[in-house]
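Engineer: the sequence isn't on hand, but the structure is:
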């Protein structure tokens with residue numbers, strides 16, 4: 001009898017989850033329709049994304065820009081920080097500009113609408129977000145990160161089940177503007193989903209992402225060449241620093257936690273940039289027995305950037321949220337005002353509790 005009750009309970013949970021997902025889908029479709037309606041009344045659009053943009057951020061911006069121009073809109077892409085060198089091939093026409101407050105604030109003021117793509121939290125849009133707020137411009141957010149400040153947006157289109165913001169845009173285009181897809185847009189969207197799923201191997205990868213990739217490949221994308229352009233362009237300086245870091249890894253919680261520190265003096269010694277550090281946390285996570293990897297990175301101003309990665313059992317985004325950051329359940333980060341030596345014990349204490357609470 002107890003087994004039967006358990007079975008019925010699990011069955012009811014599955015039905016509830018299906019209903020929630022269906023409701024979420026309907027809400028998302030409704031918001032995309034509202035998005036289309038609002039676009040009819042604007043001409044000039046500013047696109048932006050988060051600080052230190054990744055492949056999903058850049059790919060989503062470019063794909064949305066191509067789409068909006070096909071609707072006859074004037075589009076400017078203003079980002080709060082430069083894009084990584086490994087992604088510059090996407091911006092062949094040099095459409096993406098790094099925002100300079102004294103130069104580009106007027107561009108934001110003259111725009112009719114600002115669209116945030118993959119930003120996560122309003123403050124992560126940096127000075128672009130600040131300019132939008134000060135000018136009183138309407139802001140629309142399109143994001144697969146959970147939003148914590150919906151009231152700051154005219155419209156927030158959110159899908160936390162999507163692997164990437166790029167997937168959301170692809171899904172939107174397939175539903176409303178399938179004829180808009182073209183080779184440059186397909187390339188941008190492919191990079192968006194490929195990078196945010198770790199070349200389709202992270203735990204957020206779904207069947208839909210593979211279907212999307214297969215659909216986009218038809219537009220002339222070579223998967224191997226694309227992989228090489230993104231993942232096989234590491235500088236010698238990066239590899240030397242990686243060798244240094246590997247010799248000083250710290251293991252705790254019976255080997256379930258690995259953490260490491262990158263100081264400014266180390267970056268100076270090896271001549272690396274912040275872009276060179278991309279993927280370090282993911283690499284350490286691949287060690288046998290490790291559940292969570294943590295990278296502590298000293299910033300130029302003495303503050304600390306923390307990157308957390310989980311293999312898929314230990315939920316770590318709440319740790320990041322506790323320190324003013326955010327992200328996904330198994331991939332998150334935070335910027336701490338405190339120095340790195342003060343940040344380390346505070347973060348590790350929370351991470352260890354998360355690990356201990358996971359069987």
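Structural biologist: Right, received. Where do you want to start? Because the structure is predicted, anything quoted here is derived from the model rather than measured.

Engineer: how much space is there between the nearest residue to residue 273 once chain neighbours are set aside and residue 285?
Structural biologist: Nearest residue to residue 273, sequence neighbours excluded (C-beta to C-beta, 6 or more residues apart in numbering): residue 267, at 7.7 Å. C-beta here means a position set from N, CA and C on the backbone, and glycine is covered the same way. Distance of residue 267 to residue 285, given as C-beta to C-beta, to the nearest Å: 21 Å.

Engineer: quick revisit: host element of the residue nearest to residue 273?
Structural biologist: Residue 267 belongs to helix 264-270 when elements are defined using DSSP states H and E.

Engineer: from the contact counts, what lies against the helix or strand that comes right after that helix?
Structural biologist: On the C-terminal side of helix 264-270, the closest following helix or strand by DSSP H and E is helix 280-285. With contacts taken as 3 or more C-beta pairs under 8 Å, 6 or more residues apart in numbering; DSSP states H and E, helix 280-285 sits against helix 236-246, strand 257-262, strand 292-298, strand 304-310.

Engineer: tell me how far helix 280-285 lies from the chain's centre.
Structural biologist: Chain-centre distance of helix 280-285: 16 Å, with C-alpha atoms, centre = their mean, to the nearest Å.

Engineer: domain parsing for this protein?
Structural biologist: 27-230, 237-356 (automatic domain parsing).

Engineer: JSON lines please, covering these and showing mean pLDDT and mean neighbour count.
Structural biologist: Below are the domains of the chain laid out as JSON lines (pLDDT from 0 to 100; neighbours: other C-beta atoms under 10 Å):
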{"stretch": "domain 27-230", "mean pLDDT": "95", "mean neighbour count": "19"}
{"stretch": "domain 237-356", "mean pLDDT": "95", "mean neighbour count": "17"}
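
Engineer: counting by contacts, list what the helix or strand where residue 184 lies packs against.
Structural biologist: Taking DSSP H and E as the definition, one finds residue 184 inside helix 183-196. If you count contacts as 3+ C-beta pairs under 8 Å, 6+ apart, helix 183-196 packs onto helix 55-70, helix 165-176, helix 207-217, helix 223-231.

Engineer: could I get these as TSV with distance to residue 248?
Structural biologist: Formatted as TSV, the helices and strands packed on helix 183-196 follow (distance: least, C-beta to C-beta, whole Å):
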stretch	distance to residue 248
helix 55-70	29
helix 165-176	35
helix 207-217	35
helix 223-231	24
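
Engineer: what about residue 312, is that helix, strand or coil?
Structural biologist: Look at residue 312: counting by DSSP: H, G, I helix; E, B strand; the rest coil, its state is coil.

Engineer: how near is it to residue 289?
Structural biologist: 14 Å.

Engineer: likewise for residue 322?
Structural biologist: As judged by C-beta to C-beta, residue 322 and residue 289 stand 25 Å apart.

Engineer: same check on residue 268?
Structural biologist: Distance, residue 268 to residue 289, by C-beta to C-beta: 33 Å.

Engineer: do the same with residue 81
Structural biologist: 35 Å.

Engineer: could you do residue 297 as well?
Structural biologist: Counting by C-beta to C-beta, the gap from residue 297 to residue 289 is 24 Å.

Engineer: which residues touch the helix holding residue 184?
Structural biologist: 54-56, 58-60, 62-63, 66-67, 87, 90, 163-167, 169-170, 173, 200, 202, 204, 209, 212-213, 216-221, 226-227, 230 (C-beta atoms under 8 Å, 6 or more residues apart in numbering).

Engineer: from memory the residue nearest to residue 273 sits against residue 244, does it?
Structural biologist: No: counting by C-beta atoms under 8 Å, residue 267 does not reach residue 244; the two are 10.6 Å apart.

Engineer: on that earlier part again, any chance of TSV for the helices and strands packed on helix 280-285, columns distance to residue 104?
Structural biologist: Putting those into TSV (distance: least, C-beta to C-beta, whole Å) gives the following:
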stretch	distance to residue 104
helix 236-246	31
strand 257-262	31
strand 292-298	28
strand 304-310	25
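
Engineer: of the ones you listed, which is nearest residue 124?
Structural biologist: Among the helices and strands packed on helix 280-285, strand 304-310 comes nearest to residue 124, with 12.3 Å by C-beta to C-beta.

Engineer: good, we can wrap up now.
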